[in-house]
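J.: Task: produce atomic coordinates for the following.
(chains A and B)
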Amino acid sequence: KAGVTQTPRYLIKTRGQQVTLSCSPISGHRSVSWYQQTPGQGLQFLFEYFSETQRNKGNFPGRFSGRQFSNSRSEMNVSTLELGDSALYLCASSNRQGTYEQYFGPGTRLTVT
Amino acid sequence: AQSVTQPDIHITVSEGASLELRCNYSYGATPYLFWYVQSPGQGLQLLLKYFSGDTLVQGIKGFEAEFKRSQSSFNLRKPSVHWSDAAEYFCAVGASNQGGKLIFGQGTELSVKP
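T.: Model (predicted):
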């Protein structure tokens, strides 16, 4: 089975711009969660989508949004980028049944200049 | 508030020596507990998980962890460390009523001396 894929792997944006990151879950997994990883704050939960519905949300401003498509692929959008949004954005997929274990993709490294 | 604490930011062990990484959690519900490993520039790989039952769980790459409810701990162990184990290790906690939300510790960076 193919793992979780994320595109692009690296991205450089300018402050004020917006960005869209993409995540394709493991085949058969219907839950996609997003995390932000920074040296200062560590790994922080952004949101979870299941069956195209946001099921859970972390403590991030409204500039961070996401969506999920009928094929379970998910996108995450950040508008009006700030320097502090520079981070590794990780996507994880789960079948959201039983054990809820999550499998992570390689991440998208976003640099905001 | 829910939290996960990994007291050791950085640990150095000699190759072949045993390893124990500490993890303490604070969680109201019965938690699901996980250990992940991250190599530089990579995503997180699941090492092992605890949901219920036997409190000693076995994972991949020769790792094991023991859940101790009375101490709110879930320490990761390996009897003999290999140079390839050098990486960052994260403890995480979740719950069935939290769905896909995991709370992570700050991580422990492991260095291995030859």
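J.: How about chain B: which residue is closest to chain A?
T.: B:G100 (3.5 Å; C-beta to the nearest C-beta). For the C-beta atoms, the positions are set from N, CA and C on the backbone; glycine is no exception.
J.: for that residue, what are its contacts?
T.: Neighbour list for B:G100: A:31-33, A:48, A:50, A:55-56, A:92, A:94, A:96, A:100, A:102, B:94 [criterion: C-beta atoms under 8 Å, 6 or more residues apart in numbering or on different chains].
J.: For those, give me a markdown table that also has secondary structure and neighbour count.
T.: Converted to a markdown table, these look like this (DSSP: H, G, I helix; E, B strand; the rest coil; neighbours: other C-beta atoms under 10 Å in any protein chain shown):
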| residue | secondary structure | neighbour count |
| --- | --- | --- |
| A:S31 | strand | 24 |
| A:V32 | strand | 30 |
| A:S33 | strand | 30 |
| A:E48 | strand | 27 |
| A:F50 | strand | 19 |
| A:R55 | strand | 17 |
| A:N56 | strand | 17 |
| A:A92 | strand | 27 |
| A:S94 | strand | 24 |
| A:R96 | coil | 20 |
| A:Y100 | coil | 21 |
| A:Q102 | coil | 30 |
| B:G94 | strand | 28 |
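J.: So which of those residues is the closest to A:N77?
T.: The nearest member of the contacts of B:G100 to A:N77, counting by C-beta to C-beta, is A:V32 at 13.9 Å.
J.: just the strands in the chain please.
T.: I'll assume chain A. According to DSSP state E, chain A carries its strands in the segments A:5-7, A:10-13, A:19-24, A:31-38, A:42-50, A:53-57, A:64-68, A:74-78, A:87-94, A:103-104, A:108-112.
J.: try again with chain B
T.: Remark: strands assigned in chain B by DSSP E are B:3-5, B:10-14, B:19-21, B:24-26, B:32-38, B:44-50, B:56-58, B:64-68, B:73-78, B:87-94, B:103-104, B:108-113.
J.: Report the buried residues of the fourth one.
T.: If I follow you right, that is strand B:24-26. Neighbour counts over strand B:24-26 (16 or more other C-beta atoms under 10 Å in any protein chain shown) mark B:N24, B:Y25 as buried.
J.: Give me the pLDDT value at B:K101.
T.: pLDDT, the model's per-residue confidence, is 87 for B:K101.
J.: next one: A:K1
T.: On pLDDT, A:K1 comes in at 70.
J.: List the contacts of it.
T.: By C-beta under 8 Å, 6+ apart, the residues touching A:K1 are A:I26, A:S27.
J.: So which residues on chain B come close to chain A?
T.: Proximity of chain B to chain A (C-beta under 8 Å from any C-beta of the partner chain) is limited to residues B:32, B:34, B:36, B:41-46, B:49, B:51, B:90, B:92, B:94, B:96, B:98-107.
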